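Trainee: fold the stuff below for me.
(one chain, ligands or ions: 2)
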Amino acid sequence: MQPGYTIRIHISSNTPSRLWMIHGSSLLRSCSIICRRLPHYPQAPGSLVFRKGLLQYKGRTREARHMKIAVAGAGVVGLASAAGFAELGHTAICVDIDKEKIASLQRGVVPYYEPGLQELTLRNMAAGRMRFGTGIHEIPADTEVVIMAVGTPSDPDGDLSLTAFWAAADELADWIEKCACPAVVVAVKSTVPVGTADSLEEKLRMRLPPSESGRVDTASVPEFMREGSAVKDFFEPARLIIGSASAQTAERLTSLHAGLPGRVIFTDRRSAELSKLAANAFLAVKISFSNEVAVLCEQIGADYNDVAGVLGSDPRIGPHFLGAGLGFGGSCLPKDTRALVRFAERSGAPQTLVEAAIHVNRQRTERIAHKLEEALDNPGASTIALLGLAFKAGTDDMREAPSVRLMEELMRRFPGMELRAYDPASTEAARGIVPGQVRICRSAEEALRGADGAILVTEWPEFGKIRAIDFRNWMKRPIIWDGRNLLDADELNAHGVRCIGTGRPILRRIAFDENS
Ligand SMILES: NC(=O)c1ccc[n+]([C@@H]2O[C@H](COP(=O)([O-])OP(=O)(O)OC[C@H]3O[C@@H](n4cnc5c(N)ncnc54)[C@H](O)[C@@H]3O)[C@@H](O)[C@H]2O)c1
Ligand SMILES: O=c1ccn([C@@H]2O[C@H](COP(=O)(O)OP(=O)(O)O[C@H]3O[C@H](CO)[C@@H](O)[C@H](O)[C@H]3O)[C@@H](O)[C@H]2O)c(=O)[nH]1
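Mentor: Ligands and ions are numbered 1, 2, ... in the order given. As a prediction, this is how the structure comes out:
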């Protein structure tokens, strides 16, 4: 079979047939297999292997072989993966050094806001397929796959900090040394610099006698789930990446993921690691590009929503991640773009587009502060309500949230401005992160009452339901800067609320009478 060929085969066994498409060469690890799961057939009937240039159907080994797995890290990625794999029939232990988090999970309470994760966790705990532990030492000796999902935040230089990762690796080395398990695969789901899975394997193997070093193998299985839809993304991945240097490891990980739809792409560990950073960087570039076009729209009186509609209708561009607004935040895009830039610089291949995307992103809050300055007579004496704090809707995560950058910018530029904020999910997470001068409110109404203006920061659907009459009744001056283009600006403007969108033609559409 030649690289690049596509073959469609119907595989029938005593389980229902499924449609498979195979791309690639005769080497299993450099092939990509697209498996289209028919929704009513949850399990794959068998596996496909390449031997001597021939494609062979190998029994039923791709059928979910239920394994004992462990996940290190009970953040969104670790917990959603542990609960997701348990739902597929595997037995999972999820361990974390954060004792409070584990105590909460053992009581069946997921200590952060992630739709569907609570139910998924409880269901699998009740079925005996999922439990928790306070460290890697609690992982049972007969565990076949250990997934690393510990945090890798930015360090002060912008590189990914691997402090927690290597500390976990040390514990894992102790565990592997003592547990005498015959073969264990350590799959890295944390986002890490290129080469980390190679170094991890070296580190773990060094702790074993040379004759036993093959007992442990590492792989890179980068994760692409999004906060706010982590559970959905686990069960409906766009693709699954298995970066491995060993056919047995690739096969074991394929088995682990059996039952999930989406294309499986086999590659080497370094390519898998780079793909993750490059994917997030590409999304960041797309967002920053959109934001720059939106500024141009504002300058020349064009409507960015219409422009984005045109761009997105071209399948080569696609409609996703063209949303202009306050820019990208969260625990991933900002840190992963910085990390890629740093790593690429050191590798002699600067990523200037990604650097520019980061630069454009920093300017977003300045832009909105500038718009406020243009519209308000005395911004320093105004009261401004912020609708939303979380870095996006559907999560309570405040990591690198644009809201924080915005509040800092407003306080720096307009000393004396009174700021109030409301977020449906992140009130608790915001405490300690939001500057002390900002009043955290318990409802949108409380934040808006008597305000001279409001900025829509996070696209929570409940903000889209606030009626023009409410804005008018609650606010001293009903002016809204819509930092996410969530609101129906035309409708609000027609009903006496001045709604200034992002990349929208302000002057053409405003029908706000200051005296009404
Ligand atoms: N958040 C996302 O949506 C997302 C998506 C894809 C990839 N990622 C990547 O996945 C990784 C995890 O992300 P997250 O948001 O779940 O992180 P997180 O910071 O929310 O959670 C990480 C957890 O690891 C725990 N931990 C630290 N050291 C440990 C150890 N030695 N043993 C066991 N647990 C330990 C921490 O206590 C923490 O609870 C990161 O590398 C991130 O970049 C995140
Ligand atoms: O059109 C858009 C889309 C998103 N955003 C912003 O971009 C940020 C990131 O959004 P999103 O990508 O939905 O959130 P994350 O949960 O951080 O997910 C990203 O980061 C994860 C961690 O690496 C990856 O797994 C996901 O694939 C990747 O989408 C948020 O501030 C959004 O408001 C925009 O400004 N415009």
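Trainee: kindly report the residues of the stretch 101-250 of the chain close to ligand 2.
Mentor: Residues of the stretch 101-250 of the chain lying near ligand 2 by CB under 6 Å from any ligand atom: Thr191, Glu223, Phe224, Met225, Arg226, Glu227. C-beta coordinates here come from the backbone N, C-alpha and C atoms, glycine included.
Trainee: 8 Å - rerun?
Mentor: Residues of the stretch 101-250 of the chain lying close to ligand 2 by CB under 8 Å from any ligand atom are Thr191, Glu223, Phe224, Met225, Arg226, Glu227, Gly228, Ser229, Ala230, Asp233.
Trainee: excluding chain neighbours, what is closest to the fifth one?
Mentor: What sits nearest to Arg226 in space, not counting adjacent residues and going by CB to CB, 6 or more residues apart in numbering, is Asp233, at 5.7 Å.
Trainee: now, which of the residues of the stretch 101-250 of the chain next to ligand 2 lie within helices?
Mentor: Ala230, Asp233 (DSSP state H).
Trainee: pull out the buried members of the residues of the stretch 101-250 of the chain next to ligand 2.
Mentor: Thr191, Glu223, Phe224, Met225, Glu227, Gly228, Ser229, Ala230, Asp233 (16 or more other CB atoms under 10 Å).
Trainee: could you list every residue that touches the fourth one?
Mentor: When you say that, I think you mean Met225. Val76, Val77, Ala80, Asp233, Phe234, Pro237 (CB atoms under 8 Å, 6 or more residues apart in numbering).
Trainee: so Ser220 sits against Val186, correct?
Mentor: No: under the criterion of CB atoms under 8 Å, Ser220 makes no contact with Val186, lying 10.3 Å away.
Trainee: which of the two has more residues huddled nearby?
Mentor: Between Ser220 and Val186, counting by other CB atoms under 10 Å, Ser220 is the more crowded of the two (30 against 22).
Trainee: quick one, phi psi at that one?
Mentor: Main-chain torsions, Ser220, degrees, to the nearest 10: phi -110, psi 120.
Trainee: how far away is it from ligand 1?
Mentor: As judged by CB to the nearest ligand atom, to the nearest Å, Ser220 and ligand 1 stand 12 Å apart.
Trainee: Ser403 now?
Mentor: Taken as CB to the nearest ligand atom, the span from Ser403 to ligand 1 is 18 Å.
Trainee: now that residue: which helix or strand?
Mentor: If you go by DSSP states H and E, Ser403 is part of helix 402-413.
Trainee: packing partners of that helix?
Mentor: Contacts defined by 3 or more CB pairs under 8 Å, 6 or more residues apart in numbering; DSSP states H and E place helix 402-413 against helix 352-375, strand 383-387, strand 418-422.
Trainee: mind putting those into CSV with mean pLDDT?
Mentor: Below are the helices and strands packed on helix 402-413 laid out as CSV (pLDDT from 0 to 100):
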stretch, mean pLDDT
helix 352-375, 95
strand 383-387, 98
strand 418-422, 97
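Trainee: pick the most deeply packed of those.
Mentor: strand 383-387 (a mean of 26; mean count of other CB atoms under 10 Å).
Trainee: just the angle between it and strand 418-422, please?
Mentor: Strand 383-387 and strand 418-422 are oriented at 20 degrees to each other (axes from the mean of the first three to the mean of the last three CA atoms, to 10 degrees).
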